[in-house]
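K.L.:
my questions are about this predicted structure, shown below with the sequence.
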Amino acid sequence: MADAPREVWITGIGIVSCLGEGPDAHWQALTEQRINVDGERFKPYLVHPIAPLDLDKQIPKKGDQRQMEAWQRIGTYAAGLALADAGVKGNAELLARMDMIVAAGGGERDVAVDATILSNRGKAGNPGAYLNERLMSDLRPTLFLAQLSNLLAGNISIVHGVIGSSRTFMGEESAGVDAVRIAHARIASGQSELALVGGSHNGEREDLLLLYDAGGHMLRGDFKPVWQRSGGMVLGSLGAFLVLEERSHAQARGAKTLGRLSAVLSERSSRPAGAVTAALGRMWQSLAPRIAGTGNAIISGVTGAEPATAEERAFLQSLPSVPVRATGSYLGHGFEPQLTMNIALATLALGREKLLPPAAASGIEQAYEGPLDRIAVTAVGHWRGEGLAVVEKAA
């Protein structure tokens, strides 16, 4: 007879966003329904900018800070917060066997260099030679490395000393889902006892805004909450990491339990009409024995992009007795770390035994004051990928 799956505890949370850093700042801002959005810097696009961070607190060496791009600093900072929250920061013995699973996008373009090359290439006598010359002289030597998501994992290893096994994922929302899914599966199956999982995203990038707008995914003009948009994302700068731990391992070292991650599911439909609604329905039904009864809620990672948002809305409206909250109106959309961030926020809600207030005039979010025992977290990609995770109250 196979051994029963082991419990996966959440023992550390590290989150940074436009709302600040850490659990308390986020909870206060969300309960106050505070929105921090910048509609001027990248007009006509909007972004939720990262709050000011004192990088020295989590990345003490200035040299380390300088060689990182913004998304790496955001992620390394959030990872340090998670390690500190779990009580493992600086513990060389634990860090030496801590697994690390990171999900992040590619590095940032040097927009000034790109613009100069594009402006002058057509004027050059030999455009090919001009391009090679400029690429050789204008780009810093680390540019190519900066395109790799595993550079974030490397920086976390260097700065925080996490030197167990390391895995990195790149691929927007699905990468974030699979990072958490695999971390959970390894601990539940006995392949791991302690893991750091999460990711980061810098939404304040002209190249990304242009890229996603070319695909028809960006909100333009005035800001609106996700449920009230006719379609379009608002990017957000996010860093989110969790420390996951097998129950007996956490108990043996006297770690506090913030919540239990009981399931993480992932799908990838081909997205014909109705596919998102159907995929979420399948995952929900597969969890039926675990989520039976009352005390359930949903935190949605809805993006605002269509048709995914409308199809997720249809699924949520099929569960009229389950209260729903969407965090994208306050945090923006951060792709890879979005699921990890929302798992963290679900854990906070369970610990405080209170759901966030409903968004005004959303139509789908209703007031709720009942029991809160478990929260399902959705992750529907703006273009591909569907995920569902379940967080339960700490035992």
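P.N.:
Thanks, I have the structure now. Just so we're clear, the structure is a prediction, and the values are computed from it rather than from any experiment. Residues are numbered from 1 along each chain as shown.
K.L.:
state the distance from the most centrally placed residue in the chain to L81.
P.N.:
By Cα atoms, centre = their mean, the chain has its centre lying nearest to P337, at 1.6 Å. Shown here: P337 relative to L81, a distance of 13 Å by Cβ to Cβ, to the nearest Å. (C-beta placed from N, C-alpha, C; glycine too.)
K.L.:
thinking again about what came up before, list the residues that contact the residue nearest to the centre of the chain.
P.N.:
Listed by Cβ atoms under 8 Å, 6 or more residues apart in numbering, the contact partners of P337 are 75, 103-104, 176, 198-201, 238-240.
K.L.:
which residues touch stretch 277-291?
P.N.:
Residues outside stretch 277-291 that contact it (Cβ under 8 Å, 6+ apart): 262-263, 265, 267, 269, 311-312, 314-315, 318-319, 374, 376, 378, 380, 386-388, 390.
K.L.:
quick one: average confidence on it?
P.N.:
Per-residue pLDDT values over stretch 277-291 give a mean of 91.
K.L.:
do stretch 313-324 as well
P.N.:
Per-residue pLDDT values across stretch 313-324 average out to 94.
K.L.:
show me how far it is from its chain's centre.
P.N.:
23 Å (Cα atoms, centre = their mean, to the nearest Å).
K.L.:
only alpha carbons, please: show it as PDB.
P.N.:
Extracted as PDB, the C-alpha positions of stretch 313-324 are listed here (Å, rounded to 0.1, in the frame of the first residue of the first chain):
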ATOM      1  CA  ARG A 313     -16.600  34.900 -14.800                       C
ATOM      2  CA  ALA A 314     -19.000  32.200 -16.200                       C
ATOM      3  CA  PHE A 315     -17.400  29.500 -14.100                       C
ATOM      4  CA  LEU A 316     -17.500  31.700 -11.000                       C
ATOM      5  CA  GLN A 317     -21.100  32.500 -11.500                       C
ATOM      6  CA  SER A 318     -21.900  28.800 -11.600                       C
ATOM      7  CA  LEU A 319     -20.900  28.700  -8.000                       C
ATOM      8  CA  PRO A 320     -23.300  31.300  -6.500                       C
ATOM      9  CA  SER A 321     -22.800  30.100  -2.900                       C
ATOM     10  CA  VAL A 322     -19.000  30.600  -3.000                       C
ATOM     11  CA  PRO A 323     -17.800  34.200  -2.400                       C
ATOM     12  CA  VAL A 324     -15.300  35.500  -4.900                       C
END
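K.L.:
quick check: next helix or strand after the lowest-mean-pLDDT helix or strand in the chain?
P.N.:
Sorting the helices and strands of the chain by mean pLDDT, DSSP states H and E puts helix 143-146 at the bottom, at a mean of 49. Going down the chain from helix 143-146, the next helix or strand is helix 150-160, by DSSP states H and E.
K.L.:
would you mark the buried spots in that next one?
P.N.:
Within helix 150-160, the residues that qualify as buried by neighbour count (16 or more other Cβ atoms under 10 Å) are 151-157, 159-160.
K.L.:
in helices only, show me the contacts of P337.
P.N.:
Secondary-structure check on those using DSSP state H: residues within helices are 75, 176.
K.L.:
quick one: least confident of the contacts of P337?
P.N.:
Among these, A104 has the lowest pLDDT, at 92.
K.L.:
what bridges to it?
P.N.:
For A104, the beta-bridge partners are S200 (DSSP bridges).
K.L.:
burial count for S318?
P.N.:
Counted with other Cβ atoms under 10 Å, the burial measure for S318 works out to 12 neighbours.
K.L.:
gap between it and I364?
P.N.:
Distance from S318 to I364, counting by Cβ to Cβ: 11 Å.
K.L.:
also V380?
P.N.:
For V380, the distance to I364 equals 14 Å [Cβ to Cβ].
K.L.:
higher neighbour count, those two?
P.N.:
When neighbours are counted by other Cβ under 10 Å, V380 and I364 differ, and V380 comes out ahead with 27 against 18.
K.L.:
contact partners for the more buried one?
P.N.:
Residues touching V380, when contacts are defined by Cβ under 8 Å, 6+ apart, comprise 173, 276, 280, 301-303, 308-309, 311-312, 386-387.
K.L.:
specify the beta-bridge partners of it.
P.N.:
With DSSP bridges applied, V380 shows beta-bridge pairing to E386.
K.L.:
how many residues are close by E245?
P.N.:
When neighbours are defined as other Cβ under 10 Å, E245 has 27 of them.
K.L.:
which pLDDT does the model give it?
P.N.:
97.
K.L.:
packing partners of the helix or strand containing it?
P.N.:
Under the assignment given by DSSP H and E, the secondary-structure element containing E245 is strand 238-246. Judged by 3 or more Cβ pairs under 8 Å, 6 or more residues apart in numbering; DSSP states H and E, the packing partners of strand 238-246 are strand 8-17, helix 70-86, helix 172-189, strand 194-201, helix 338-352.
K.L.:
off-centre distance for the following helix or strand past that strand?
P.N.:
As assigned by DSSP H and E, the chain's next helix or strand after strand 238-246 is helix 247-252. On the basis of Cα atoms, centre = their mean, helix 247-252 is displaced by 26 Å from the centre of the chain it belongs to.
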